[in-house]
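Q: A predicted structure for the sequence below; I have some questions about it.
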Amino acid sequence: MRLGVINNDSDLYALAVTALVLLTGKEPSFLIDGKNLTFNWRKEISLSENLGNILDKMLASKPSDRFSTARQVIEALENLPSSIDLATTQAPPDIVSTPPVTAGKLSNVTTMSVSQAHVTTDVAKKSSIWSTILLVLVTIFSMGGIGWIGGNFWLEYASNQNRIVNDKPEKLSDRLKKLGIDESFFFPLVDEFFYSQYPQKRGQILSNKTSEDKLWQERWYAIANKLADRLETLSPETRRRLGNYSKDDIYRWRSQLRRLNISSAAFNDLTDAQFLDLFSEQTRGQNLIGLPIGQVWQAIATDTMKDLQSRKSVAEIRFARGSYRQVVQGTLQPGEGKIYLAWLQDEQILRVRLEPNSPEVLLSIYPPRNYRRRSRGLIEDSPENQWIGETKRSGYYQFVVVSNSDKPIEYSLVLFARNR
């Protein structure tokens, strides 16, 4: 589907899908597993094992594993054991059964490109079992128009666009397998970037019929390879989960952040820094949850949480007795950030200075977590290197330093806190 190659096995695939819809009374979207694009129909309907295996072969995700011609399907049906009891097939719920069509009434059935006399003769020769099987095939073929419409809809739903470019699909597929990235996640992500860059191509199929079409395909694959380069920087564990992150992960992070005395805003600052270093065309602070690119943000957030829990990107600043000033220094890699926690009393005068005074280093200051409502930052993602104010309540204040540079950068954070 994704490569734009429609062959006989593609039609047999659509035929099997149509059969499942007729047998179960359910749309394809309720029968297919969206993660691996396989049909889970056996819990919906009871068929003989052999007939079920034929349907599964027609529905194989790899075209090379399917029947290649309709004749092969017919031969497989004819070779089924004669002991098959088709009465075990259960009617789908809420479907009213109709009387079976007999051989004498078969002449009233409209068929597509199937000789009426030939079908009638075959039905007369075979047992009632084969009469039923052939009748199902005739009925399915008669619904070819419906199947074609539904098939085209499903192709668009499942894969969005069709593609062909020499051996590039195989090379890209092999690379994604090595990276552990699910194709069903990756291709919509590429489409998202491709149509954002070339909105005039939205809704059009990328073929290889003309040199211009091939040029567009080259652009699509260029975007795909650049995205693969970026995703390769993620940890293997987070790459394998791309496409499967949900809001449940966000709720779990919030619970873990409470135990670390870190706010969601500070956590987002660290995640955004790495995310924007990889995807500079994105905008800071936008809501990406629910979009393919949002899966990448959540993958980065997962790695960010691991760094916080291992104390790699968080440290505590303690003021010695009688001391009002503390200085911490460090080096940030591109897209890297660090959170400093400092326990401060309420009604203290707080002075903060960050060096260098440059937009390449951003500073955020968050007051102690407020469990009833979101705590607003004293400053957020600010290129300004100084802040002076009064603390409003006691607790852990969070000082977030993130790199906005494309090269390693050294920094120095100075805190001065004393009573009024």
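A: Perfect, thanks for sending it. Residues are numbered from 1 along each chain as shown.

Q: pull the longest strand from this structure.
A: strand 409-419 (DSSP state E).

Q: just give me how far that strand sits from the chain centre.
A: 41 Å (CA atoms, centre = their mean, to the nearest Å).

Q: that one pairs with which strands, parallel or anti?
A: strand 325-332 (antiparallel), strand 348-355 (antiparallel) (DSSP bridges).

Q: buried set for it?
A: 409, 411, 413-417 (16 or more other CB atoms under 10 Å). Yep, even glycine has a C-beta here, placed from its N, CA and C like the rest.

Q: what does that strand contact?
A: If you take CB atoms under 8 Å, 6 or more residues apart in numbering as the criterion, strand 409-419 is touched by 317, 319, 324-332, 340, 342, 344-345, 347-356, 360-361, 391, 399, 401, 403.

Q: and stretch 408-420, how far out from the chain middle?
A: So, by CA atoms, centre = their mean, the centroid of stretch 408-420 is 41 Å from its chain's centroid.

Q: quick one: average confidence on that stretch?
A: Stretch 408-420 shows a mean pLDDT of 91.

Q: how about stretch 386-395?
A: 91.

Q: again with stretch 40-51
A: Mean predicted confidence for stretch 40-51 is 85.

Q: in space, not sequence, find me the middle residue of the chain.
A: What sits nearest the mean C-alpha location of the chain, by CA atoms, centre = their mean, is Gly243, with 2.7 Å.

Q: wait, that one sits on Glu183?
A: No: under the criterion of CB atoms under 8 Å, Gly243 makes no contact with Glu183, lying 9.4 Å away.

Q: hmm, which of the contacts of strand 409-419 are the buried ones?
A: 317, 319, 326, 328, 332, 340, 342, 344, 348, 350, 352-354, 361, 391, 399, 401, 403.

Q: report how many residues lie close to Gly285.
A: By the criterion of other CB atoms under 10 Å, Gly285 has 10 neighbours.

Q: ok, the closest residue to it other than its chain neighbours to Phe416 distance?
A: Spatial nearest neighbour of Gly285, excluding adjacent residues (CB to CB, 6 or more residues apart in numbering): Asp272 at 7.3 Å. Separation of Asp272 from Phe416 (CB to CB, to the nearest Å): 28 Å.

Q: what residue ranges in this structure score low on pLDDT?
A: Low-confidence segments of the chain (pLDDT under 70): 1-5, 29, 34-36, 82-169, 208, 370-375.

Q: please parse it into its domains.
A: 8-158, 168-232, 247-309, 314-419 (automatic domain parsing).

Q: let me have these in CSV, extended by distance to Arg239.
A: Below are the domains of the chain laid out as CSV (distance: least, CB to CB, whole Å):
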stretch, distance to Arg239
domain 8-158, 15
domain 168-232, 5
domain 247-309, 7
domain 314-419, 17
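
Q: wait, which of those domains is closest to Thr238?
A: domain 247-309 (4.0 Å; CB to CB).

Q: start to end distance for the closest one?
A: Domain 247-309 has an end-to-end distance of 20 Å (criterion: CA to CA, to the nearest Å).

Q: what's the spacing between that domain and its chain's center?
A: Using CA atoms, centre = their mean, the offset of domain 247-309 from its chain centre is 16 Å.

Q: cool, and stretch 50-60?
A: That offset, for stretch 50-60, works out to 28 Å (CA atoms, centre = their mean).
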